[in-house]
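**Student:** Model the structure of this input:
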Amino acid sequence: MVFVKSPDNKTLILNLNPSATTLRWLALHIQRNYLIPISQQRLYFSARLLSTPENDGILLSHLGVSPNSTLTLHVPFLGGMQAPVPPKSRLDFLNTKPPPNYVAGLGRGATGFTTRSDIGPARAAPDLPDRSAAAIGAGGAAGVGRGRGKGPGEEDEEEENDEKGYDENQKFDEFEGNDAGLFASAEYDDEDKEADAVWEAIDKRMDSRRKDRREARLKEEIEKYRASNPKITEQFADLKRKLYTLSTEEWDSIPEIGDYSLRNKKKRFESFVPVPDTLLEKARQEKEHVSALDPKTRAAGGTETPWAQTPVTDLTAVGEGRGTVLSLKLDRLSDSVSGLTVVDPKGYLTDLKSMKITSDAEVSDINKARLLLKSVTQTNPKHPHGWIAAARLEEVAGKPQVAQQLIKKGCEECPKSEDVWLEACRLASHVDAKAVIARGVKAIPNSVKLWMQAAKLEQDDVNKSRVLRKGLEHIPDSVRLWKAVVELANEEDARLLLQRAVECCPLHVELWLALARLETYENAKKVLNKAREKLPKEPAIWITAAKLEEANGNTAMVGKIIERGIRALQREGVEIDREMWMKEAEAAERAGSVATCQAIIHNTIEVGVEEEDRKRTWVADAEECKKRGSIETARAIYAHALTVFLTKKSIWLKAAQLEKSHGTRESLDALLRKAVTYIPHAEVLWLMGAKEKWLAGDVPAARAILQEAYAAIPNSEEIWLAAFKLEFENHEPERARMLLAKARERGGTERVWMKSAIVERELGNTAEERRLLDEGLKLFPSFFKLWMMLGQLEERLGNLEQAKEAYESGLKHCPNCIPLWLSLAQLEEKVSGLSKARAVLTMARKKNPQNPELWLAAVRAESRHGYKKEADILMAKALQECPTSGILWAASIEMVPRPQQKTKSRDAYKRCGDDPQVLAAVGKIFWHDRKVDKARSWFNRAVTLAPDIGDFWALYYKFELQHGTEETQKDVLNRCVAAEPKHGEKWQAISKAVENSHQPTEFILKKVVVAIGKEEHAAENGKN
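**Tutor:** As a prediction, the model looks like this:
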């Protein structure tokens, strides 16, 4: 797009591309669209003339013109000589024909007029007079000497107008035309209205045609104009969006706008004069509090103000003037139709509750409000809220007596408003409040609020009960009064009162249920039967009946009552709401009625659930109940689901987890026994049952379960390994060896061979261990753990070359196995030094790119040999290749000096904030800075995200040993034992050692803590 400024100061917009348009084509475009010949075009760009012959074929971009550039167009003024024209006579126009519709004298203000002969249909219109110069000259003699007087026939014409009732020569109306004079007396009938409507519809139709196209064209033109002439705010929009990146310091560093020129920096003359003592004395006297009267005031008795100290003012006139102004303002506020004020007294009552007087301005506001509310009570004295607002205003202003008087007057004006009486009782003193409320209940004997307030004013329960019974005489159907009087009575009186209450309020279920709870078993059943007759659609009665039977030991009747109740409610047209009934089941569980809870779940759990959604919905309901603590409800849901889905392993596992967490060992064992009866091929259920028996210390029972499982699933490797673990952990190596031998004979997998080698390693049979490993590698050459165990065996025996060959052979079969590469690198570093280990790790990184463990091993190798610079370079490359690796970021945080650790940890948290390695590293920083609470929080997050990594538990426990209490230490220890961690660099090194093979988790945890302490101590000694 190119802009061209024309000679008349207009900007021409040309939609051209300067990189594809020549100067000649631009000139042709201007000639074609704006009719300016090419020969007269002079185009300038920044005071440089472009319109030259040599530039015609050159592109505009080569001439320096870019998109949105502005060119200037000049058009030369061509001068010349013309032939002389003879002068015309001034009166020559009189001999020419006048133009159409010419009226002589119109320029001087004269106007023409229209007669009936011009428009009327009665006779043909006369010819218009010839107003040419000749005609004017010929007819001018007839009127010579008449001046501005009337013509011969004008008087008759005026009389005729009077007889017609209108003047035909009246002035033309711009809005109505000549009709204003002709049809002014005509009536506007329905036909005229219909005609106007038709013409209006035609106008709208014509206007709607091409409206969309016209609006679209207009919108496009506006958009083009805005694109070519953007606003200042739009030009800086991108810069304004970037302002959010500015920090607080950068905002503060922006200088203030001002004039910093030298002419405004002239120093002003400032002079400092000491303050006179008289001014200081006057200020002191104004701030002084005087506690004694001056002599003049004592002479007047202390009751008069000296005349000289008070200016003379006509207070009466001032008061009358203010009253007049206020009355005018209030008159404006009042409604002229109904006479009611437009002020909302209820809203004003709310405002008064938060009002506090702290200044003179607020005092004046209170005065205005007082006058306003006075107008409210005067204009509408029967409006109770106006009196209440006025009384509360006076109370806020500190005038309780005035407030009492106002509310008293309000009680007189509005005796049937209980709000006014309650407010009067509140404002009155304790002695007068009873009298006020007595008058209130006398005026409104059917007000429950007033009787309740009257009972509150009494001190002892006997008088309160007497007042409430008096109220029940006037309002026998008030449930609120019955509840209040029952609460004050003893058990026997309450039963009698409730019997009377259900007679007066038979449709209130709470009274029936309360009476049933107070009655004996037989009478309670009768009461509930009566309640069911009165309220056949109330489910709470059936639930209460079921609870009653359960409380009396009739658990067999509970399910029948709930089932009958649901059928009866459905007959009455009550919709069974599944969610509501589940809430009732949870309420029954909280009340101790477990059988009722189970019966409700059994009869309502299937309501409104599609058949294909039953499993998902029921499991979700059970989990929600479990979260809310409703264990019996969740157990009942699972029990019902297992009756429908007998062969669904997932539901059995969910139910078993519930029993394991909240049940007993006996209930869990019974459930698992039942589960394996229906699903005998589910290995996990057999294993869970055996493990629970083992944890309970019943090893023979665990063996029996595993034997049954093997009979049900004879070829299950998991059961073989579980039986091996049971024997191995209980120090029965011979039994374990026999089980593994049988498993190998039956074609066991690589895990069986690995476990067999582990058993021989612990028993110290090196030759047997090597034999098993060799046989296992022949069968499973791609199982890397066997290669690692073989290499570790050779290392223990001191055969480093054989160990190296084992690792290299393993890498030929498993080139992507990271533990094998790391083991080989460590062996090479031990045997051949750092250079050989570097080569191994470099080869490993080429075959396994973007692996953070290999990078970390290379960095640590350099650090161990004191090459800190090379370690930093490797760490930088590692973070570039693996920017989201938490283990690398944690190591980089530990490598930098202490002052830079916070910055590095901030970068790490931005990259991988949810990585437990980073969280643990940040926790160590806070630990070293003695920020105990923050460190505890970060360690807790780390072990929560990765409970299987033992290193985090060891750090957390070591921290609590140093800064925590015994309770926190026990809590961390118990959580670690429950989590049973298996992984972690330091954890695995200690837990997999031969001497620690059968040690519990607690022992391993404490050994890892000791190892971490030794490592930190060695690092500190290395720095020193």
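
**Student:** now the helices for the stretch 451-600 of the chain?
**Tutor:** Using DSSP state H, counting those that start in this stretch, the helices of the stretch 451-600 of the chain run over residues 461-474, 479-488, 491-504, 509-518, 521-534, 539-551, 555-571, 578-590, 594-604.

**Student:** what is the rounded mean pLDDT of the last one?
**Tutor:** To tie it back to what came earlier, the one meant is helix 594-604. Averaging pLDDT along helix 594-604 gives 88.

**Student:** Can you spell out which helices and strands pack onto the helix or strand following it?
**Tutor:** Next helix or strand after helix 594-604 toward the C-terminus (DSSP states H and E): helix 614-627. Judged by 3 or more CB pairs under 8 Å, 6 or more residues apart in numbering; DSSP states H and E, helix 614-627 is in contact with helix 578-590, helix 631-644, helix 649-662. In this view, the C-beta of every residue, glycine as well, is placed from N, C-alpha and C.

**Student:** repeat that for 6 Å
**Tutor:** The contact analysis (3 or more CB pairs under 6 Å, 6 or more residues apart in numbering; DSSP states H and E) places helix 614-627 against helix 631-644.

**Student:** Between helix 594-604 and the helix it packs on, find me the angle.
**Tutor:** If you take axes from the mean of the first three to the mean of the last three CA atoms, to 10 degrees, helix 631-644 sits at 40 degrees to helix 594-604.

**Student:** Could you measure from H385 over to D951?
**Tutor:** Using CB to CB, to the nearest Å, one obtains 71 Å as the distance from H385 to D951.

**Student:** can you check R209 too?
**Tutor:** Remark: distance between R209 and D951 (CB to CB) = 81 Å.

**Student:** What of D621?
**Tutor:** Noted for D621: a distance of 40 Å to D951, by CB to CB.

**Student:** do C414 as well
**Tutor:** In this view, C414 and D951 are 78 Å apart by CB to CB.

**Student:** swap in E221?
**Tutor:** In terms of CB to CB, E221 sits 71 Å off from D951.

**Student:** which of these two has more neighbours?
**Tutor:** Shown here are E221 and D951; by other CB atoms under 10 Å, D951 has more neighbours (21 against 10).

**Student:** Please enumerate the strands of this structure.
**Tutor:** 2-5, 11-14, 42-45, 48-49, 70-74 (DSSP state E).

**Student:** Let me have those in a markdown table, extended by mean neighbour count and mean pLDDT.
**Tutor:** Below are these laid out as a markdown table (neighbours: other CB atoms under 10 Å; pLDDT from 0 to 100):
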| stretch | mean neighbour count | mean pLDDT |
| --- | --- | --- |
| strand 2-5 | 18 | 79 |
| strand 11-14 | 14 | 77 |
| strand 42-45 | 16 | 79 |
| strand 48-49 | 10 | 76 |
| strand 70-74 | 17 | 80 |
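
**Student:** I'd like to know which of those strands is closest to D189.
**Tutor:** Nearest to D189, of all those, is strand 11-14, at 56.2 Å by CB to CB.

**Student:** Quickly run through the sheet partners of the closest one, with directions.
**Tutor:** The pairing partners recorded for strand 11-14 under DSSP bridges are strand 2-5 (antiparallel).

**Student:** Who are the contact partners of A993?
**Tutor:** Shown in contact with A993 (CB atoms under 6 Å, 6 or more residues apart in numbering): no residues.

**Student:** And the pLDDT at it?
**Tutor:** Per-residue confidence (pLDDT) for A993: 83.

**Student:** List phi and psi for it.
**Tutor:** Per-residue torsions, A993: phi -70, psi 150 (degrees, to the nearest 10).

**Student:** gap between it and R796?
**Tutor:** 11 Å.

**Student:** looking at the helices of the stretch 451-600 of the chain, which is closest to K931?
**Tutor:** Across the helices of the stretch 451-600 of the chain, K931 has its closest neighbour in helix 578-590 (42.6 Å, CB to CB).

**Student:** by contact count, what packs against that closest one?
**Tutor:** Counting by 3+ CB pairs under 6 Å, 6+ apart, helix 578-590 packs on helix 594-604, helix 631-644.

**Student:** so what's V441 up against?
**Tutor:** V441 touches L450, counting by CB under 6 Å, 6+ apart.

**Student:** One more pass at 10 Å, please.
**Tutor:** Counting by CB atoms under 10 Å, 6 or more residues apart in numbering, V441 touches E418, W421, S447, L450, W451, Q453, A454, V467, K470, G471, H474.

**Student:** are any of these buried, and which?
**Tutor:** E418, W421, S447, L450, W451, Q453, A454, V467, G471 (16 or more other CB atoms under 10 Å).

**Student:** right, and the first one touches L450 too?
**Tutor:** Yes - with contacts defined as CB atoms under 10 Å, E418 counts as touching L450 at a distance of 5.6 Å.

**Student:** overlap in contacts of the two?
**Tutor:** Contacts common to E418 and L450, judged by CB under 10 Å, 6+ apart, are G440, V441, A443, I444.

**Student:** What's the separation between the residue nearest the centre of the chain and E395?
**Tutor:** The chain has Y244 as the residue nearest its centroid, 21.3 Å off, counting by CA atoms, centre = their mean. Taking CB to CB as the criterion, Y244 is separated from E395 by 51 Å.

**Student:** now S46
**Tutor:** In terms of CB to CB, S46 sits 81 Å off from E395.

**Student:** out of these two, which sits in the busier spot?
**Tutor:** Applying other CB under 10 Å to S46 and E395 shows that E395 carries more neighbours, namely 19 against 11.

**Student:** Excluding chain neighbours, what is closest to that one?
**Tutor:** What sits nearest to E395 in space, not counting adjacent residues and going by CB to CB, 6 or more residues apart in numbering, is A403, at 4.5 Å.

**Student:** Now do the one you found: how many residues are near it, please.
**Tutor:** 21.

**Student:** Just to check, it is in contact with L393?
**Tutor:** Yes - A403 is within contact range of L393, at 7.9 Å (criterion: CB under 10 Å).

**Student:** Hmm, R796 is touching R761, no?
**Tutor:** Yes - contact status for R796 versus R761: in contact at 9.0 Å, counting by CB under 10 Å.

**Student:** Please list all residues in contact with the nearest residue to W889 once chain neighbours are set aside.
**Tutor:** Nearest non-adjacent residue to W889, counting by CB to CB, 6+ apart: A908, 3.7 Å away. Applying CB under 10 Å, 6+ apart, we find A908 in contact with 879, 885-886, 888-890, 892-893, 901, 915, 917-919, 921-922.

**Student:** mind running it again at 7 Å?
**Tutor:** Contact analysis of A908 by CB atoms under 7 Å, 6 or more residues apart in numbering lists W889, I893, V918.

**Student:** top of the residues you listed by neighbour count?
**Tutor:** Top of those by neighbour count (other CB under 10 Å): W889, with 28 neighbours.

**Student:** Give me the below-cutoff pLDDT ranges for the stretch 251-400 of the chain.
**Tutor:** For the stretch 251-400 of the chain, applying pLDDT under 70 flags the ranges 257-273, 275, 286-364.

**Student:** wait, I meant the chain
**Tutor:** Flagging of the chain using pLDDT under 70 yields the residue ranges 47, 77-93, 106-186, 257-273, 275, 286-364, 1022-1024.

**Student:** which residues touch the longest helix along it?
**Tutor:** In the chain, with assignment by DSSP state H, the single longest helix is helix 1001-1023. With CB under 7 Å, 6+ apart as the test, helix 1001-1023 has contacts from 950, 953-955, 957-958, 973, 976-977, 980, 986-987, 990-991, 996.

**Student:** Neighbour-wise, which one of those residues leads?
**Tutor:** W953 (29 neighbours).

**Student:** Quick check: it touching C976?
**Tutor:** Yes - in this structure, W953 is within contact of C976 by CB atoms under 7 Å, at 4.3 Å.

**Student:** Pull the most distant pair out of the buried ones among the contacts of V441.
**Tutor:** Top of the distance list for the buried ones among the contacts of V441 (CB to CB): E418 and V467, 15.9 Å.
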